[in-house]
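*Asks:* build me a model from this:
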Amino acid sequence: MKKQWFGIVMAACFACSAFAKDTAATHTLRPFDKNHPTANRNASDGVDYHGGPVFENEPTVYIVWYGNWTAKDRRIIDYYFAHLGGTTQNKINATYSDRRNKFVPNKMEHTTKNDYHDNYSLGKSLSGDGQIQQIVANAISSGHLPSDSNGVYFVLTYTDVTDAGFCSQFCGYHGPSTSIVSGKIIKYSMVGNPDQCPQGCETSVILGDPGSPNNDPGADGTTAIMWHEFSETMSDPEVNLNTAWDFPYCGESGDCCAWMFGTVKKDSHGHLYTNVIGGKEYAMQEMLKLLSKSRKGNVPSACQNVF
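*Replies:* Down below sits the predicted model:
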């Protein structure tokens, strides 16, 4: 019996280590620090192209709801990604191109058919990126989500789930994995519900809003972090494996504008927002827009919320 349990434990450890090797390829959004805010940028602050790929084709966003997210939470987040394609906000991502002179399209696909509910399959205390990758791998191998190298898989952890580094080191991250599906580079992202650490990761609190545009600070804040990670995945999908757009001064397109919001407006209830997507208002971080089609040298850029 002891030998059998030893074999099970060793197999579990091997499974975790199989995913751990990709950890260094992830890129994080650090929590907001009011004592060290992001430096303001202007057109003279450029960004460098390092030769890697961008998303050339319309991506599909897949969401793994890890834990008991409410129906209201899901509606807010699903709606945003169902209506993001073709907007002036997403058009910012379309300023990025690769060595083939192919630009990121201002298109994307997401419906509730691209969602999967994972009922705490690995428990409520996650040990890090290896388990995040395992959650994506399980969703694909079990047939709940397709294997799509032109997709972005988000693992959204609910407020009762802890994950090593979340809140203390990052609010979310993205990266490529060669381990989730053999023979493919799968792009994935982890984003936790910022209700766990509102001072560092929740947009409404950082803006000084006691509520949020959709009356759900956790879901609104999650959407804002997802926008950050989605955009960086578009312009640098194989970060650190085969880097595309990155600048030593600030990082990727979202990092260069992290926790910057541009023009902030008030809705009819007095809540703060920056963008209207479909028929809903959202408070979103700015993204780095390229001001030139060149890929050589220090390409001029600026932080914006709309094109």
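
*Asks:* tell me which element the residue most central in space within the chain is part of?
*Replies:* With distances taken as C-alpha atoms, centre = their mean, the residue of the chain nearest its centroid is Glu229 (2.4 Å). Using DSSP states H and E, Glu229 maps to helix 217-235.

*Asks:* one step back: so the residue nearest to the centre of the chain touches Leu29, yeah?
*Replies:* Yes: the pair Glu229 and Leu29 passes the contact test of C-beta atoms under 8 Å, sitting 6.8 Å apart. From N, CA and C alone the C-beta is placed, and that goes for glycine too.

*Asks:* overlap of the contact sets of those two?
*Replies:* Shared contacts of Glu229 and Leu29, defined by C-beta atoms under 8 Å, 6 or more residues apart in numbering, are found at Gly172, Tyr173, Gly254.

*Asks:* residues touching the last one, list them.
*Replies:* In this case it means Gly254. Taking C-beta under 8 Å, 6+ apart, one finds Leu29, His228, Glu229, Ser231, Glu232, Gln285, Met287, Leu288 in contact with Gly254.

*Asks:* Asp48 and Val54, how far apart?
*Replies:* 14 Å (C-beta to C-beta, to the nearest Å).

*Asks:* neighbour count winner among the two?
*Replies:* When neighbours are counted by other C-beta atoms under 10 Å, Val54 comes out ahead of the other of Asp48 and Val54, with 24 against 17.

*Asks:* run through the residues that contact the closest residue to that one other than its chain neighbours.
*Replies:* Sequence neighbours aside, Asp98 is the residue nearest to Val54 in space, at 4.7 Å (criterion: C-beta to C-beta, 6 or more residues apart in numbering). Residues in contact with Asp98 (C-beta under 8 Å, 6+ apart) are Gly52, Pro53, Val54, Glu56, Ala244, Arg295.

*Asks:* and those residues, which two are furthest apart?
*Replies:* Of all pairs drawn from the contacts of Asp98, the greatest distance, 14.2 Å, lies between Glu56 and Arg295 (C-beta to C-beta).

*Asks:* neighbour-wise, which of these two wins?
*Replies:* Between Glu56 and Arg295, counted using other C-beta under 10 Å, the more crowded position is Arg295 (18 against 15).

*Asks:* helix, strand or coil for that one?
*Replies:* coil (DSSP: H, G, I helix; E, B strand; the rest coil).
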